[in-house]
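Student: generate coordinates for the sequence data below:
(one chain, ligands or ions: 3)
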Amino acid sequence: MYDGDIASVLITEQQINDKVTELAKQVDEDYQDAGGDLLLVGVLKGAVMFMTDFARALPQPAQLEFMAVSSYGSSTSSSGVVRILKDLDRDIANRHVLIVEDIIDSGLTLSWLLKNLSSRNPASLEVCTLLRKPDAVQVDVPVKYVGFDIPNEFVVGYGLDYAERYRDLPYIGTLDPKVYTSGV
Ligand code: PRP
Ligand code: MN
Ligand code: MG
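Tutor: Ligands and ions are numbered 1, 2, ... in the order given. Coordinates of the predicted model:
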């Protein structure tokens, strides 16, 4: 699949699986007192694969909600201004909310999302991200659960896209630069 576009496999399907199980166990322990009131908020579209695997690996019941957001403004420097494309369907007041993200890059999306959701008065609000790029962070975001810290390279797969492609890869790989330097 996508022959020649992937320069290297950064995280294998098995490594993702193991990490999802580990994160789910950790979250389960931390939310023992939540009384089955855990609400997962997945950020479309990138978090879709992680969200569905994570929810199924979680030993306790959780409800699933989705939000779609989009950064806009100059494409070279993200302004941190985010627009809601799809909002939550329900009120999250007094709920234990866990945001599920695929990756924290600059941190701008999540920083905005945390402010937005905390203004809705949840009982608690935390973040679980599969990937984080420590060298790309522009705003520090408090993140309780991190799967992997990865180098500042362009990665795709397992929900992560380049121009809407590669989300369906079952692993996370680095993109061959020829893909984004040719023919644009
Ligand atoms: C990607 C990724 C995160 C965000 C991280 O989403 O899925 O949501 O960017 O970047 P940041 O930390 O610099 O804000 P994107 O906006 O590409 O939308 P998508 O999830 O639909 O691919
Ligand atoms: Mn996203
Ligand atoms: Mg994207």
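
Student: what about the chain, any weak spots by pLDDT?
Tutor: Residues of the chain meeting the criterion pLDDT under 70: 72-79, 183-184.

Student: kindly recompute the last result at 90.
Tutor: Across the chain, the ranges flagged by pLDDT under 90 are 1, 3, 35-36, 70-82, 180-184.

Student: in it, what residue is nearest ligand 1?
Tutor: Gly46 (2.7 Å; CB to the nearest ligand atom). Where you see a C-beta, it was placed from the backbone N, CA and C, and this is true even at glycine.

Student: what's around that residue, how many residues?
Tutor: Using other CB atoms under 10 Å, Gly46 has 20 neighbouring residues.

Student: isn't it up against Tyr162?
Tutor: No - with contact defined as CB atoms under 8 Å, Gly46 does not count as touching Tyr162 (11.4 Å).

Student: grab the CA positions of stretch 87-94 and hand them over as CSV.
Tutor: C-alpha atoms of stretch 87-94 as CSV (Å, rounded to 0.1, in the frame of the first residue of the first chain):
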residue,chain,number,x,y,z
ASP,A,87,-19.4,20.5,17.9
LEU,A,88,-20.2,18.0,20.6
ASP,A,89,-23.8,16.7,20.5
ARG,A,90,-24.2,16.9,24.3
ASP,A,91,-23.6,19.0,27.3
ILE,A,92,-20.4,18.0,29.2
ALA,A,93,-21.1,19.9,32.4
ASN,A,94,-20.2,17.7,35.5
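
Student: quick one: contacts of that stretch?
Tutor: 39, 41, 65-67, 117, 120-123 (CB atoms under 8 Å, 6 or more residues apart in numbering).

Student: report the central residue of the chain.
Tutor: Among the residues of the chain, the one closest to the centroid is Glu101, at 1.6 Å (CA atoms, centre = their mean).

Student: Val179 versus that one, what's the distance?
Tutor: 24 Å (CB to CB, to the nearest Å).

Student: check Gln14 too.
Tutor: 25 Å.

Student: these two: who's more crowded?
Tutor: For Gln14 and Val179, the more surrounded residue by other CB under 10 Å is Val179, and the numbers stand at 20 against 9.

Student: how about the more buried one: what's its closest non-neighbour residue?
Tutor: Spatial nearest neighbour of Val179, chain neighbours left out: Asp5 (5.1 Å); criterion: CB to CB, 6 or more residues apart in numbering.

Student: what residues does this structure put near ligand 1?
Tutor: With CB under 6 Å from any ligand atom as the criterion, the chain meets ligand 1 at residues 43-46, 71, 78, 101-110, 161.
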